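Asks: quick one: sequence and predicted model below, then my questions.
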Amino acid sequence: MSLSAADNEALRQRFSPEGSPLRRHQERMLEMMIWLDEVCRRHEIPYWLGSGTLLGAVRHGGFIPWDDDVDIEFRHEDYPRLLAVLAQETEGTDYALQTHETDPGYFFTYAKLRDRRSKMQELNDYDRIFTYQGIYLDLFELEFMPASLHWLSNRTFGRIYKVMKNPEYNNQQLIRKTSQIYRLNERFVFPVLRYLSLLFPSKLMRYSPGIPFESTRDPQELFPLSTVEFEGHRFSAPRNPEAYLRRMFGNWQKLPDPDKIQIHINKLTY
């Protein structure tokens, strides 16, 4: 159930009125979403809007008025081809594919599509060692994995956060130490966890190893994919968006306290 037009407009006027920094940020992300949608359709790579982006589509008809990021989800089996395609498609464009391979300082296990024409600083300051620091879309990978094995992957990846919070390391030391942990996980730890997942199969999909979020996806609620309207455009979405949102957020129709809303961005320049 979406909000009434009047309630939604009131929230937009409060948080992201036309011409405001946040609205400009959202418009740039929408431009990137349209480009990515075209690439994925042309190469027949399935995707769907996820998390807060899907919530915004269903409840607000677009961005949650205070939202400053975009979540897009892919199946594990489609992810390698996605990265290969984006590595080619971003050449000579205003966008960049950000992975550990394209940006040695980038230590997350999921990719981002970055805008080259902007530069932002997030409040957590992890991006201080990233080469690409523009506006982004999060490209999340999901696969079947038992909760216990996913929990273990988060513990092994969590060592990176401890390194990043150590004030004794300079940026080059941070890149070197986070890269060591990243490579250990990708080459040894995560493959072992994926093998164990085959022995103890799960009926639910979770974020791929190292992505530190615990929510689940039911394939019956995801596939076959549908579409949803978002800011006047149509994008791929789960088969049952409301069931997806209930699983993730519970009472997804309830708005948070507007006075307690926080954003991720500290500074943004174009």
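Replies: Perfect, I can see it now. Numbering: from 1, shown residues only.

Asks: tell me, what residue is most central in this structure?
Replies: residue 138 (2.8 Å; CA atoms, centre = their mean).

Asks: show me what contacts it?
Replies: 69, 70, 71, 72, 110, 112 (CB atoms under 8 Å, 6 or more residues apart in numbering). In this view, the C-beta of every residue, glycine as well, is placed from N, C-alpha and C.

Asks: just the buried ones from the residues you listed?
Replies: Among those, those buried by neighbour count (16 or more other CB atoms under 10 Å) are 69, 70, 71, 72, 110, 112.

Asks: include pLDDT and distance to residue 49 when you put these into a markdown table, please.
Replies: Listed next are the buried ones among the contacts of residue 138 as a markdown table, based on pLDDT from 0 to 100; distance: CB to CB, whole Å:
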| residue | pLDDT | distance to residue 49 |
| --- | --- | --- |
| 69 | 93 | 12 |
| 70 | 97 | 8 |
| 71 | 97 | 7 |
| 72 | 98 | 6 |
| 110 | 97 | 15 |
| 112 | 98 | 16 |
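
Asks: all strands of this structure, in order?
Replies: Secondary structure of the chain by DSSP state E: the strands cover 48-49, 71-75, 95-98, 111-115, 119-122, 136-144, 205-207, 216-217, 226-230, 233-237, 265-269.

Asks: could you say what helices and strands the fourth one packs with?
Replies: With contacts taken as 3 or more CB pairs under 8 Å, 6 or more residues apart in numbering; DSSP states H and E, strand 111-115 sits against helix 21-42, helix 79-89, strand 95-98, strand 136-144.

Asks: what about residue 224, how many residues nearby?
Replies: 7 (other CB atoms under 10 Å).

Asks: distance of the nearest residue to residue 51 once chain neighbours are set aside relative to residue 145?
Replies: Sequence neighbours aside, residue 71 is the residue nearest to residue 51 in space, at 4.0 Å (criterion: CB to CB, 6 or more residues apart in numbering). Using CB to CB, to the nearest Å, residue 71 is found at 19 Å from residue 145.

Asks: over to residue 268?
Replies: Distance of residue 268 to residue 145, given as CB to CB: 35 Å.

Asks: also residue 203?
Replies: According to CB to CB, residue 203 stands 11 Å off from residue 145.

Asks: try residue 156
Replies: 14 Å.
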